[in-house]
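[1] Need coordinates for the following:
(chains A and B)
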There are 2 protein chains.
Amino acid sequence: MFDLLSDEIKRKRNPSCIGLDTSLKCLPPGFRRRFDTDTLEGAAEAVLAYNKELIDALEYIVPAVKVQVAYYEMYGVEGMRAFLHTLMYAKRAGFVVIADAKRNDIASTAEAYAKAFLGEAELENGSIPVFDADILTVNPYLGTDGIAPFLNENPKKGIFVLVKTSNPSSSELQDLKLEDGRAVYEAVGDLVLRWGQGTAAFNGWSRVGAVVGATYPEQGAALRRRMTNTFFLLPGYGAQGAKGKDIAAMFDKTGRGAIVNSSRAILNAWEKTNTDFKTAACEAAIKMRDDIISTLRQG
Amino acid sequence: MFDLLSDEIKRKRNPSCIGLDTSLKCLPPGFRRRFDTDTLEGAAEAVLAYNKELIDALEYIVPAVKVQVAYYEMYGVEGMRAFLHTLMYAKRAGFVVIADAKRNDIASTAEAYAKAFLGEAELENGSIPVFDADILTVNPYLGTDGIAPFLNENPKKGIFVLVKTSNPSSSELQDLKLEDGRAVYEAVGDLVLRWGQGTAAFNGWSRVGAVVGATYPEQGAALRRRMTNTFFLLPGYGAQGAKGKDIAAMFDKTGRGAIVNSSRAILNAWEKTNTDFKTAACEAAIKMRDDIISTLRQG
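    Numbers count the residues shown, from 1 in each chain, chains lettered A, B, ... in the order given. Alright, predicted model coming up:
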């Protein structure tokens, strides 16, 4: 899957993805008014309609979408329906679809999550795909038997494992020093390498990618040096403060191997312009792409 | 919330909860046949109906249910409807309801999860509860700003933070030794104490509980000595191999402060008996209760 993602990035000349962390607050008031946003059903419907418009607008500019499940769970059962239809719509439009769910559990339960997001649910006779994302984010705290089920479910799909997250307090646990000199996040990086062993096609990317916060340039650069065939998802660009120059060293020497996510700066771009929300989102996405690409060329 | 849970445990004289990790495989063939289990809708309907029967059967025996979200996500949007209705039905029957979702994310996104599981979604005018559990399980990997939103959402509710999980590979990351001599899971235990500071009512339990695998008796006993007003959720009893004697030292000296979960041994109890599934579940639940209580008395 990361080989496909890499190809799509090359084809659209854009190593970034749009985070559809869509809540009612992201929608322009005029757009919201078309829906009954005093009910969970209406809110979910509005969010889905907004996503579809953005997907249409960005189809030829951006290679992937990252859909943050939390914002859909927030609108309950109907929110999950909007999540499903967002994924389906984005896939039909040719996007690589990353479900950002950070799921984690013991083996038997991780298997259920794997079926939900990457595989197929077993029914009485046969099985059926459920949310059917291309890539899922996963939390590493439970170790190998919480990871393996995600890899066993469908060999065409991949996972991004949290290594060093973009938030301010990620240091509290992830930066603690181990007695062998590694930080906890470096030990997780080493686990990610182990989990990915033997999963890459010839010259290709491991099926186990890593989430590395764009907000921590030094740690990210050090992780890149240790992890040469691991694809990185880099959140934290834009609203969280990271810029193009912060993430150049998290790509490999040929300027590949990573995708930068921005959510709020694209979803809410209309707030800072006089244009409609689709034009604003396109302009923000192009600005982000150009910022990243110019840095990669210099690097 | 943990004070209420503690009261309910006392009232029903049973420090255990039933894990509703309900998949089609748990249901007796005769029960399954009543539904169209070749569709996600029918599977979800069957799971919900099974849960309701178990809730009715166990209402006067067991104080809490732990509902594992993964098994409902596996059946998609309709699965999440079954999750919602399971929670509502269990609450109406007087159970304390634990949503086992192990959610985790950066602050803004953790807030969305907090609204989904413990709080209320913001709509155009006002807000509305969504899944509305009493307690949620949370993964600590992101540190304080991924935890605080769950505590800020509703002061009446609580969280169980993963400290030492019950699965075989939990040692890979959680048992790594830090340079200060603590294991990673002990450092997480210390964070749990810090997050819970000031959240307990007089003589009461902290609002930040801990998940401690019943399968690791020594680590669990050591954590109990460090964490005197932290409520523990102890998974791993039954199908995962832990017995009553393994968990006695994870309760406090008065035999309080913990709840033991069993899922498969109750859900699938009918497989090992000649009785109907409700009788089998009741017998298994009573056997488990008596095993735990007898150990606490000896301890």
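[2] the helices in the stretch 151-299 of chain A, which residues?
    With helices called from DSSP state H, counting those that start in this stretch, the stretch 151-299 of chain A shows them at A:171-174, A:184-196, A:217-226, A:244-247, A:264-267, A:277-298.
[3] Lowest average pLDDT across those?
    Of all the helices of the stretch 151-299 of chain A, the segment with the smallest mean pLDDT is helix A:244-247, scoring a mean of 84.
[4] Can I get that one as CSV, trimmed to CA atoms?
    Taking C-alpha atoms only, helix A:244-247 is exported to CSV below (Å, rounded to 0.1, in the frame of the first residue of the first chain):
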residue,chain,number,x,y,z
GLY,A,244,8.1,22.9,5.3
LYS,A,245,11.6,23.4,6.6
ASP,A,246,10.8,21.4,9.7
ILE,A,247,10.0,18.3,7.9
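[5] quick one: buried residues of that helix?
    A:244, A:246-247 (16 or more other CB atoms under 10 Å in any protein chain shown). The C-beta positions use only the backbone N, C-alpha and C, and glycine is treated the same way.
[6] Please identify which of the helices of the stretch 151-299 of chain A is closest to A:Ala107.
    helix A:184-196 (13.9 Å; CB to CB).
[7] List of residues touching the closest one?
    A:140, A:143-144, A:147-148, A:151, A:161-164, A:170, A:173-176, A:178, A:182, A:206-210, A:219, A:222-223, A:226-227, A:229-230, B:172-173, B:176, B:184 (CB atoms under 8 Å, 6 or more residues apart in numbering or on different chains).
[8] What residues of it count as buried?
    A:184-189, A:191-193, A:195-196.
[9] Over to stretch A:211-225?
    A:211-217, A:219-224.
[10] How far away from the center of its chain is it?
    Offset of stretch A:211-225 from its chain centre (CA atoms, centre = their mean, to the nearest Å): 16 Å.
[11] One more: stretch A:45-59?
    17 Å.
[12] hang on, the earlier thing: got TSV for the buried residues of helix A:184-196, with distance to A:Asp252 too?
    TSV is the format used below for these (distance: CB to CB, whole Å):
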residue	distance to A:Asp252
A:Val184	24
A:Tyr185	19
A:Glu186	19
A:Ala187	22
A:Val188	20
A:Gly189	15
A:Leu191	21
A:Val192	16
A:Leu193	15
A:Trp195	20
A:Gly196	15
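[13] In three-state terms, label the residue most central in space within chain A for me.
    Geometric centre of chain A, nearest residue: A:Lys66, 4.0 Å, by CA atoms, centre = their mean. Secondary structure for A:Lys66, judged by DSSP: H, G, I helix; E, B strand; the rest coil, is strand.
[14] My read is that it contacts A:Cys17, right?
    Yes: assessed by CB atoms under 8 Å, A:Lys66 is found in contact with A:Cys17 at 5.1 Å.
[15] Check the contact lists of the two and give me the overlap.
    Common neighbours of A:Lys66 and A:Cys17 (CB under 8 Å, 6+ apart) are A:98, A:261.
[16] all strands for the stretch 1-150 of chain A, in order.
    A:16-20, A:64-68, A:96-103, A:120-122, A:127-129, A:135-138 (DSSP state E, counting those that start in this stretch).
[17] Burial check on the closest residue to A:Ala239 other than its chain neighbours, number of neighbours?
    With sequence-adjacent residues excluded and distances taken as CB to CB, 6 or more residues apart in numbering or on different chains, A:Ala239 is closest to A:Arg264, at 3.9 Å. Close neighbours of A:Arg264, defined as other CB atoms under 10 Å in any protein chain shown, add up to 17.
[18] For A:Arg264, list the residues it contacts.
    Contacts of A:Arg264 (CB under 8 Å, 6+ apart): A:19, A:21, A:26, A:238-239.
[19] Any stretches of the stretch 51-200 of chain A with poor pLDDT?
    Scanning the stretch 51-200 of chain A for pLDDT under 70 picks out no residues.
[20] Please tell me how far A:Trp270 sits from chain B.
    18 Å (CB to the nearest CB, to the nearest Å).
[21] Now do the contacts for that residue.
    Contacts of A:Trp270 (CB under 8 Å, 6+ apart): A:28, A:276-277, A:280-281.
[22] In the residues you listed, which residue is surrounded by the most others?
    That'd be A:Ala281 among those, by other CB under 10 Å, with 26 neighbours.
[23] Now do it against A:Ser263, distance only.
    11 Å (CB to CB, to the nearest Å).
[24] shared neighbours of those two, which are they?
    What both A:Ala281 and A:Ser263 touch, as defined by CB under 8 Å, 6+ apart, is the set A:Ile18.
[25] hmm, back to that, can you put the strands of the stretch 1-150 of chain A in JSON lines and add distance to B:Gly94?
    Below are the strands of the stretch 1-150 of chain A laid out as JSON lines (distance: least, CB to CB, whole Å):
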{"stretch": "strand A:16-20", "distance to B:Gly94": "39"}
{"stretch": "strand A:64-68", "distance to B:Gly94": "35"}
{"stretch": "strand A:96-103", "distance to B:Gly94": "30"}
{"stretch": "strand A:120-122", "distance to B:Gly94": "31"}
{"stretch": "strand A:127-129", "distance to B:Gly94": "36"}
{"stretch": "strand A:135-138", "distance to B:Gly94": "36"}
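[26] Tell me which of these approaches B:Lys91 most closely.
    Taking the strands of the stretch 1-150 of chain A one by one with CB to CB, strand A:96-103 is closest: 24.8 Å.
[27] Can you pull out the residues in contact with that closest one?
    By CB under 8 Å, 6+ apart, strand A:96-103 touches A:1, A:4-5, A:8, A:17, A:19, A:63-69, A:87, A:90-91, A:110, A:113, A:117, A:131, A:133-139, A:160, A:162, A:233, B:70, B:102-105, B:139.
[28] From those residues, list just the buried residues.
    A:1, A:4-5, A:8, A:17, A:19, A:63-69, A:87, A:90-91, A:110, A:113, A:117, A:131, A:133-139, A:160, A:162, A:233, B:70, B:102-105, B:139.
[29] neighbours around A:Lys253, how many?
    A:Lys253 has 10 nearby residues by other CB under 10 Å.
[30] can you check A:Asn229 too?
    So A:Asn229, with other CB under 10 Å, has 15 neighbours.
[31] for it, phi and psi?
    phi -120, psi 30 (degrees, to the nearest 10).
[32] Just confirm it contacts A:Thr199, I think it does.
    No: assessed by CB under 8 Å, A:Asn229 is found out of contact with A:Thr199, at 9.7 Å.
[33] Give the residues shared as contacts by these two.
    In contact with both A:Asn229 and A:Thr199: A:Ser206, using CB under 8 Å, 6+ apart.
[34] wait, what's in contact with A:Gly126?
    B:Asp38.
[35] any idea how far A:Glu78 is from chain B?
    8 Å.
[36] what's that residue in contact with, if anything?
    Applying CB under 8 Å, 6+ apart, the residues contacting A:Glu78 are A:40-41, A:43-45.
[37] ok, and which of these reach chain B?
    Near chain B, taking CB under 8 Å from any CB of the partner chain as the test, the members of those found are A:40, A:43.
[38] could you redo the contacts of A:Glu78 as JSON lines and give each row pLDDT?
    Compiled in JSON lines, these are given as follows (pLDDT from 0 to 100):
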{"residue": "A:Leu40", "pLDDT": "98"}
{"residue": "A:Glu41", "pLDDT": "98"}
{"residue": "A:Ala43", "pLDDT": "98"}
{"residue": "A:Ala44", "pLDDT": "98"}
{"residue": "A:Glu45", "pLDDT": "98"}
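[39] just checking, A:Phe118 touches A:Asn154?
    Check again: residue A:118 is Leu, not Phe. Yes: A:Leu118 is in contact with A:Asn154 according to CB under 8 Å; the separation is 5.3 Å.
[40] Please say which of those two ends up with more neighbours.
    Shown here are A:Leu118 and A:Asn154; by other CB under 10 Å, A:Leu118 has more neighbours (27 against 17).
[41] Look up how far A:Asp134 lies from that one.
    8 Å.
[42] between these two, what contacts are shared?
    Counting by CB under 8 Å, 6+ apart, the residues touching both A:Leu118 and A:Asp134 are A:Lys157.
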